[in-house]
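> compute the structure for the input listed below.
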Amino acid sequence: MENDTASRHVILSGCSGGGKSTLLAVLRRRGFVTVEEPGRRIVAEEMRGEGKALPWVDLEAFARRAIEMAYHDREGIKHTENWVFFDRGLVDAAVALEHATGIAASDTVSAGSRFHQQVFMTPPWPEIYRVDGERKHSMEEGFGEYHRLLDAFGQLGYDTVSLPKIDVEARADFVLECLS
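Numbers count the residues shown, from 1 in each chain. Just a heads-up that it's a prediction; the model follows:
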């Protein structure tokens with residue numbers, strides 16, 4: 001993947017239930033290319049099928065599918081020249097695999113798969129957190145995930161930017177301002 005194009009690929013990561021998908025929808029409405037979270041798509045597929053690769057059933061199988069899907073997603077938009085926003089993706093899946101197996105995220109994410117230097121992190125936000133059919137883990141588990149992600153992005157050389165706890169339109173403005 002060309003370095004120029006990859007530097008336009010922006011990761012939205014952070015705590016589950018922190019508003020990433022809602023932010024992604026606003027960015028999409030504003031005309032940007034967006035890539036939905038692999039994990040949510042996998043859970044939806046698995047719940048219609050046998051359910052063997054659900055994160056609460058087999059985290060390793062789930063993470064490996066998410067990594068494969070994230071590489072495929074990226075390949076499909078590699079020539080997009082404007083900002084592309086990813087709801088989670090490759091690094092998040094690599095961190096899940098590390099949590100499940102001990103395989104370092106840095107061993108899973110190849111050097112040629114860099115994203116934009118700034119990664120926007122949704123901090124834990126208990127007031128908006130909701131458990132649903134596709135998100136079954138507790139807020140406490142979300143906190144642990146958040147800290148693993150912060151550590152991993154730092155170790156991989158990314159600059160993490162904590163998203164303020166403000167309304168979604170203002171959050172979108174904040175992200176776009178940071179990128180300008």
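> could you list the low-confidence segments of the protein?
For the chain, the stretches flagged by pLDDT under 70 are 1-6, 111-112, 125-139.
> need the strands for it, in chain order.
Secondary structure of the chain (DSSP state E): strands located at 9-14, 33-35, 84-87, 118-122, 159-162.
> skip the chain neighbours and tell me the closest residue to the spatially most central residue of the chain.
Nearest to the mean C-alpha position of the chain, counting by C-alpha atoms, centre = their mean, stands residue 88 at 0.8 Å. Leaving aside its chain neighbours, residue 88 sits nearest to residue 37 (4.5 Å; criterion: C-beta to C-beta, 6 or more residues apart in numbering). Heads up, the C-betas are built off the backbone N, CA and C, glycines and all.
> and if you look at residue 14?
That would be residue 122: by C-beta to C-beta, 6+ apart, it lies 3.4 Å from residue 14.
> can you name the residues that contact that neighbour?
12-15, 18-20, 23, 163 (C-beta atoms under 8 Å, 6 or more residues apart in numbering).
> now the helices for this protein?
3-6, 20-29, 38-48, 59-76, 90-101, 105-108, 139-155, 168-179 (DSSP state H).
> would you mind measuring from the residue of the chain most remote from its centre to residue 61?
In the chain, the residue that sits farthest from the middle, by C-alpha atoms, centre = their mean, is residue 50; the gap is 24.7 Å. Using C-beta to C-beta, to the nearest Å, one gets 11 Å for the distance from residue 50 to residue 61.
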